[in-house]
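Visitor: Sequence first, then the predicted structure, then my questions.
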Amino acid sequence: MKAAHPYLNFAGNSEDAFNFYKSVFGGEFQALMRFRDFGQDAMGVPEAERDKIAHIALPLGPNNVLMATDVVSTMPSALRMGNNFYVMLDTESADEAQTLFDALSTGGQIEMPLQKTEWAELYGSLTDRYGVQWMVNYSSDAGS
């Protein structure tokens, strides 16, 4: 596995939060994408929410990245305390992604099946049998 990163969910204020974290930890954003950046369909997000943050990443040292998204109305779960974070597993291979996804989802609940997305060759999310939320990601190019 390449790394495990904290992935936070916010109620529309990811950008404010990450500007604060940037002031605390320093550094520059590794990524900042709005839902609008995904093109015409914008991942099915309503026009009124398309300027919200789809993905933002701030490196925390050489091997860790703090990441986040704004929870929008089209997401499968509403934001509440307890579902405001994930552990994102950045895998070395498609096989490793599949193995980890299958193992973690055993007895749990799949939120999004492992599949090709706009941002990754394979991506899926789930809640394991203990209530921990996971994102499994594989992309052959560098970056998270």
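Guide: Ah, there it is.
Visitor: Around the nearest residue to residue 29 once chain neighbours are set aside, how many other residues sit close by?
Guide: Closest residue to residue 29 apart from its sequence neighbours, by C-beta to C-beta, 6 or more residues apart in numbering: residue 58 at 5.8 Å. In short, each C-beta sits where N, CA and C put it, glycine included. Residue 58 has 22 neighbours, counted by other C-beta atoms under 10 Å.
Visitor: what does stretch 81-89 rub up against?
Guide: For stretch 81-89, the external contacting residues (C-beta atoms under 8 Å, 6 or more residues apart in numbering) are 1, 3-10, 67, 77, 97, 100, 125, 131-137, 144.
Visitor: buried ones in it?
Guide: Neighbour counts over stretch 81-89 (16 or more other C-beta atoms under 10 Å) mark 86, 88, 89 as buried.
Visitor: do the same with stretch 20-34
Guide: By 16+ other C-beta under 10 Å, the buried positions in stretch 20-34 come out as 21, 32, 34.
Visitor: what's the average pLDDT for that stretch?
Guide: Mean pLDDT, stretch 20-34: 91.
Visitor: And for stretch 53-69?
Guide: Stretch 53-69 comes out with an average pLDDT of 91.
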